[in-house]
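In: Please work out how this folds:
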Amino acid sequence: WVPPATGLRPPTAGLKPREPFIIDGFLKVSHAGKLSMKYCRLFRERLEFWTRQDGALKGAKPDCMVSLQDFYGLETIGTGFLLKHRSGHKTGINVVDNGSLREWCNALLSLLSSGEASCPSAGGRRPSS
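Out: Coordinates of the predicted model:
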């Protein structure tokens with residue numbers, strides 16, 4: 001469990017089973033100054049994390065969840081990005097390779113409804129609609 005100030009929350013009951021996700025894969029998520037490898041799935045309203053991929057594949061509840069409503073943008077840094085929390089906190093996420101980084105950034109940018117954001121394929125600007 002991660003404190004709410006970081007935007008990460010324990011999963012809640014009532015999540016839709018077998019809801020389609022937009023993108024999935026292994027990401028290194030920053031918590032308490034350390035990166036931990038997590039299997040992640042991005043949904044329209046949230047990002048879910050499992051310690052092991054088989055938990056997600058078996059339909060287990062996620063170990064952690066980020067509501068995208070708590071964030072207003074993202075900023076790329078090196079091989080990852082920072083999700084910008086409305087409280088001013090940032091959640092660091094490291095991606096395996098540049099192709100995956102672009103995919104995750106583009107997927108997240110399409111879901112975040114407001115605020116500044118940058119992505120390598122967007123030339124440092126949020127794509128216009």
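
In: Quick one: list the elements packing against the helix or strand harbouring residue 39.
Out: Residue 39 belongs to strand 34-42 when assigned by DSSP states H and E. When contacts are defined as 3 or more C-beta pairs under 8 Å, 6 or more residues apart in numbering; DSSP states H and E, strand 34-42 packs onto strand 23-31, strand 46-50, helix 53-57, helix 98-111. Yep, even glycine has a C-beta here, placed from its N, CA and C like the rest.

In: Distance check, residue 100 against residue 106.
Out: Separation of residue 100 from residue 106 (C-beta to C-beta, to the nearest Å): 11 Å.

In: Same question for residue 80.
Out: 15 Å.

In: before we move on, the earlier item: dump the helices and strands packed on strand 34-42 to a markdown table, plus distance to residue 69 and mean neighbour count.
Out: Output for the helices and strands packed on strand 34-42, formatted as a markdown table (distance: least, C-beta to C-beta, whole Å; neighbours: other C-beta atoms under 10 Å):
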| stretch | distance to residue 69 | mean neighbour count |
| --- | --- | --- |
| strand 23-31 | 18 | 17 |
| strand 46-50 | 9 | 23 |
| helix 53-57 | 22 | 14 |
| helix 98-111 | 10 | 17 |
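
In: which ones are touching the most centrally placed residue in the chain?
Out: Nearest to the geometric centre of the chain sits residue 47, at 4.8 Å (C-alpha atoms, centre = their mean). Residues near residue 47 by C-beta atoms under 8 Å, 6 or more residues apart in numbering: 40-41, 65-66, 68.

In: now swap in residue 53 and tell me
Out: Contacts of residue 53 (C-beta under 8 Å, 6+ apart): 26, 39.

In: for the nearest residue to residue 38 once chain neighbours are set aside, what are its contacts?
Out: Nearest residue to residue 38, sequence neighbours excluded (C-beta to C-beta, 6 or more residues apart in numbering): residue 49, at 4.3 Å. The neighbours of residue 49, taking C-beta under 8 Å, 6+ apart as the test, are 8, 29, 38-40, 62-66.

In: Residue 78: neighbour count?
Out: 8 (other C-beta atoms under 10 Å).
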